[in-house]
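Visitor: below are the sequence and a predicted model for it; my questions follow.
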Amino acid sequence: MFTALLLTSPSTPTLDPALVESLRNAWGGGDAMWLAPDVAAEFALAEIPSNRWDVWEDCRKMGIDLVVVPTEGRRKKMLLADMDSTMIQQECIDELAEEAGVGPRVKEITARAMNGELDFDGALRERVGLLKGLPMNVIDKVLAERITYMPGGKTLLATMKANGGHAALVSGGFTAFTAQVADALGFDENRANVLKTDGEVLTGEVGTPILGKQAKVDALEQITARLGITDADVIAVGDGANDLGMLHRAGLGVALHAKPAVAAECEVRINFGDLTALLFVQGYSLDEFVN
């Protein structure tokens, strides 16, 4: 059995009941159940319809996300999340680069790396090299003035943890950022790269080994083994090419507001919902959310 889920942005709740009923009838689905009024509804399916992606594209044009997932085992025991442009709305290295006066150059490299056009390790070293000489206190300034959280993150973490879930933040960014983001949102642990300093300024070097695509897969393997759970028990979320390994490996991989080349490789694509979409995908209803 499968579940078809229609959802949209909670900030502009415009999911039309007529659309839900029309699709349910066309696909021969079970009775519709609303997880959140005007935001998310689902119905059961015996099999995945052959025109799924055509309908997905039609829904996308209306600002609606369409997700089809296996019904069994929807609720996961672990969240494995990327940080930049996923749990926060920025790329931390781009914000540091703005402070260093090399913003446009670094943003270009970041965009190409996240789209899978550049080797992640080399791109990271090149970008960090451009930050050489930046005072360490600029990190705190960026955290305070430039970093904003993706809507729904605290609710996602609180709800999964209230239901026995474990949450790990694994980023190709930097520990100076993940430590604060993890603490603010309630993650149980975090992993990221280390910006080298001389005690006062950035040296333009990054600690090794560099945490990239494989390191996120390694984190999934190591943490699930420690917790005594399997890949199938994990929901992973990310937006960039270096997230694809963990998105493919996890029982449920979610491409959130992802680069087109990344989304194209994922079964679950959220373009309009916020991080609470990961709760709807698992079958949580609004009245089960923990705030």
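Guide: On my side now, so go ahead.
Visitor: okay, now Val262: neighbour count?
Guide: The number of residues packed near Val262 is 22, by other CB atoms under 10 Å. Yep, even glycine has a C-beta here, placed from its N, CA and C like the rest.
Visitor: pLDDT on the strand or helix carrying it, on average?
Guide: Secondary-structure element containing Val262, defined by DSSP states H and E: helix 260-263. For helix 260-263, mean pLDDT is 90.
Visitor: what do you get for stretch 268-287?
Guide: Confidence for stretch 268-287, expressed as mean pLDDT, is 98.
Visitor: same question for stretch 186-205.
Guide: For stretch 186-205, the mean per-residue pLDDT is 95.
Visitor: what's the first-to-last distance across it?
Guide: This stretch, stretch 186-205, spans 29 Å end to end (CA to CA, to the nearest Å).
Visitor: buried sites along it?
Guide: If you call a residue buried by 16 or more other CB atoms under 10 Å, then stretch 186-205 has these buried ones: 187-188, 190-193, 195, 202-204.
Visitor: please apply the same query to stretch 262-278.
Guide: Across stretch 262-278, burial judged by 16+ other CB under 10 Å covers 262-263, 266, 268-278.
Visitor: need those residues in JSON lines (columns: secondary structure and distance to Ser85).
Guide: Below are these laid out as JSON lines (DSSP: H, G, I helix; E, B strand; the rest coil; distance: CB to CB, whole Å):
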{"residue": "Val262", "secondary structure": "helix", "distance to Ser85": "11"}
{"residue": "Ala263", "secondary structure": "helix", "distance to Ser85": "13"}
{"residue": "Cys266", "secondary structure": "coil", "distance to Ser85": "15"}
{"residue": "Val268", "secondary structure": "strand", "distance to Ser85": "17"}
{"residue": "Arg269", "secondary structure": "strand", "distance to Ser85": "15"}
{"residue": "Ile270", "secondary structure": "strand", "distance to Ser85": "13"}
{"residue": "Asn271", "secondary structure": "coil", "distance to Ser85": "13"}
{"residue": "Phe272", "secondary structure": "coil", "distance to Ser85": "15"}
{"residue": "Gly273", "secondary structure": "coil", "distance to Ser85": "15"}
{"residue": "Asp274", "secondary structure": "coil", "distance to Ser85": "13"}
{"residue": "Leu275", "secondary structure": "coil", "distance to Ser85": "12"}
{"residue": "Thr276", "secondary structure": "coil", "distance to Ser85": "17"}
{"residue": "Ala277", "secondary structure": "helix", "distance to Ser85": "15"}
{"residue": "Leu278", "secondary structure": "helix", "distance to Ser85": "15"}
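Visitor: look up how far Glu91 lies from the residue lying closest to Met136 once chain neighbours are set aside.
Guide: Nearest non-adjacent residue to Met136, counting by CB to CB, 6 or more residues apart in numbering: Thr197, 5.5 Å away. Per CB to CB, to the nearest Å, Thr197 is found 20 Å from Glu91.
Visitor: dump the residue contacts of the closest residue to Asp243 other than its chain neighbours.
Guide: Nearest residue to Asp243, sequence neighbours excluded (CB to CB, 6+ apart): Asp82, at 5.1 Å. Residues in contact with Asp82 (CB atoms under 8 Å, 6 or more residues apart in numbering) are 170-172, 216, 237-240, 243.
Visitor: from the residues you listed, which is closest to Asn291?
Guide: Closest to Asn291 out of the contacts of Asp82 is Val237 (19.4 Å), distances taken as CB to CB.
Visitor: that closest one and Thr276 touch, don't they?
Guide: No: in this structure Val237 lies outside contact range of Thr276 using CB atoms under 8 Å: 11.8 Å.
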